[in-house]
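In: sequence and computational prediction follow.
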Amino acid sequence: MAYVKRLLSGAAREGAELADLMREAGLEPALLERPEAALATGDFIRLMQIVMRRTEDEFIGLGRGTKSKPGTFSMMAHAVINCPNLEKAVQRSAQFYKLVDLPLDLRLEKGERETRLVIDSPSVESRDNVLEAMIFISVRFWSWLTGKNLEATSIHFDFPEPPQAGEFRRLFRGRVVYNDKVSALVFPTSWLSLPLVQNPLSLSKFLKDSLALIIVGNAQPIGLPEQIRAIISKEYGNTFPDFAQVCEQLSMTPQTLRRRLKEENTSYQEIKDSIRQDASLYYLGKEELSIDEIALMMGFSEASSFHRAFKKWTGRTPASYRRELLGLPEDAVEEEDDDEDGWVAG
């Protein structure tokens, strides 16, 4: 509980009553006085979300006057999501934080076998808290971007070891070193060439619950269907490559790829349909796009065939889904007619 109190110290400096924060999270304030107590993951996530909302700061008040406005992490994530690999994503995130004028200095030092991401925040008073958070978030976000459970070789801090250092060490398998010359995240150089397997659609889902996903940190290894989804989403936009092109990308023969997909109880057609479904749900949330426009983006020449496909996927029409999603009145979205098929893409 001592580590939690340390994280809450910024909110307390900004005038928040810690007991009120605990009660709003459905927690007993007396827990704060029990150093041996621990919060369940869900309780901790809920408490941190409340603190961010109260402080209007993604640094949860730890920056002492330097705030990371809500939405800053989301903007950074959107800036890097289309990068081809992790190296480009890290470089772009470093550029992003300079542009938004946050006191964060990120520097990539690439070696033959190991690479260091040196992190500094010179003008922040509680910089030790901010640096710990930045390194933790970086490793977890990179894991999500690449679809791999990444474990740093070592983590280094240029400040003395705090009393609660054991709680931070338990978050990582690698060494955590304090009182070093610089604060840095050390990892295998091979990480830099890892392709990003996520895309803008998966990012929109991630950002709805990013705090929970980062804290839990359970990035799953990317299987063959997910690799194919990543190839289509990143390289082909709203069009679909033919099966031979996908085989070439994966360095597999058509027979091998069909067999591997069958072993995973799916097929190329099912993967394409799932992408269309996810993309449809995403674009129906964009009120500026008409249903006809979304139908064309999904590869349908007629809205009616898109209407039937969407109803098959979800049991609802695109219009009714959009009305509920956007809170629109009954007559705000025109229903589509079921006429003849107009399917274009395979």
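Out: Perfect, thanks for sending it.
In: where exactly do the strands run in the protein?
Out: 105-110, 114-120, 154-156, 175-177, 184-188 (DSSP state E).
In: tell me which residues are up against the fourth one.
Out: Residues from elsewhere that reach strand 175-177, judged by Cβ atoms under 8 Å, 6 or more residues apart in numbering: 153-157, 165, 168-169. Every residue, glycine included, has its C-beta placed from N, CA and C.
In: scan those residues and report the most crowded one.
Out: Of all the contacts of strand 175-177, the highest neighbour tally under other Cβ atoms under 10 Å goes to I155, namely 25 neighbours.
In: what residues are up against that residue?
Out: Contacts of I155 (Cβ under 8 Å, 6+ apart): 135, 172, 174-177, 184-186.
In: now, the most widely separated pair of the contacts of strand 175-177?
Out: Greatest spatial distance among the contacts of strand 175-177 (Cβ to Cβ): T153 and A165, at 18.4 Å.
In: follow-up on the earlier one: let's have the contacts of I155 in CSV, adding neighbour count.
Out: Output for the contacts of I155, formatted as CSV (neighbours: other Cβ atoms under 10 Å):
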residue, neighbour count
I135, 23
F172, 16
G174, 15
R175, 12
V176, 19
V177, 15
A184, 24
L185, 24
V186, 19
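In: now find how far off-centre stretch 160-173 is within its chain.
Out: Its chain's C-alpha centre lies 24 Å from the corresponding centre of stretch 160-173 when counted by Cα atoms, centre = their mean, to the nearest Å.
In: output the lowest mean pLDDT helix or strand found in this protein.
Out: None of the helices or strands of the chain scores lower by mean pLDDT, DSSP states H and E than helix 210-216, at a mean of 65.
In: next up, the contacts around P188.
Out: 113-115, 153.
In: list only those of those residues flagged as buried.
Out: Neighbour counting with 16 or more other Cβ atoms under 10 Å marks 115, 153 as buried within the contacts of P188.
In: for the contacts of P188, which one is nearest T146?
Out: Set against T146, the nearest of the contacts of P188 by Cβ to Cβ is T115 (14.5 Å).
In: just give the nearest non-adjacent residue to that closest one, would you?
Out: T189 (4.7 Å; Cβ to Cβ, 6 or more residues apart in numbering).
In: the one you found: what's it in contact with?
Out: Here T189 is in contact with 110-115 (Cβ under 8 Å, 6+ apart).
In: between all of those residues, which two are separated the most?
Out: Maximum pairwise distance among those (Cβ to Cβ): 10.3 Å, between K110 and R113.
In: so which of the strands of the chain comes closest to V139?
Out: Comparing the strands of the chain by Cβ to Cβ, strand 184-188 comes nearest, at 6.9 Å.
In: now the closest one - C-alpha only, PDB.
Out: C-alpha atoms of strand 184-188 as PDB (Å, rounded to 0.1, in the frame of the first residue of the first chain):
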ATOM      1  CA  ALA A 184      17.500   4.000 -19.100                       C
ATOM      2  CA  LEU A 185      15.600   1.000 -20.400                       C
ATOM      3  CA  VAL A 186      18.000  -1.600 -21.800                       C
ATOM      4  CA  PHE A 187      16.700  -4.200 -24.200                       C
ATOM      5  CA  PRO A 188      17.900  -6.500 -27.100                       C
END
